[in-house]
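K.L.:
Build me a structure from this.
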Amino acid sequence: MAQRIRGWVQSMVRRVRSDSGMTTSEYAVGTIAACAFAAVLYKVVTSQPVMSALQSLLKEALDAKF
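P.N.:
Residues are numbered from 1 along each chain as shown. From the prediction side, this is the model:
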C-alpha cells in the first residue's frame, strides 16, 4: 500500500514539475485568434438582420400577456 501511495505522489510531482504549458508564442496566437473570433461575433450580432430579429424577440417578450 505504501508503495502505491509513494508511486502516486511521485507521478503527481512529475506532473507539477513538467514543462507542459503554453509558450509565449502560443499565448500570442491564442490571443489573436480570440480577438478575431470576438470581432466576427460582434459583426454578426450587430448586423441589421440579427439586430431586427433580437428587437422583435424582445418586443414579443415584453408585450406578452399574463
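K.L.:
which intervals of this structure have sub-threshold pLDDT?
P.N.:
Filtered on pLDDT under 70, the chain yields the residue ranges 16-22.
K.L.:
try 50 this time
P.N.:
Nowhere does the chain drop to pLDDT under 50.
K.L.:
Which residue lies nearest the spatial centre of it?
P.N.:
A34 (8.7 Å; Cα atoms, centre = their mean).
K.L.:
quick one: that residue from Y27, how far?
P.N.:
10 Å (Cβ to Cβ, to the nearest Å). Where you see a C-beta, it was placed from the backbone N, CA and C, and this is true even at glycine.
K.L.:
now what about stretch 44-60, what contacts it?
P.N.:
Under the contact criterion Cβ atoms under 8 Å, 6 or more residues apart in numbering, stretch 44-60 has no outside partners.
K.L.:
One more pass at 10 Å, please.
P.N.:
K43 (Cβ atoms under 10 Å, 6 or more residues apart in numbering).
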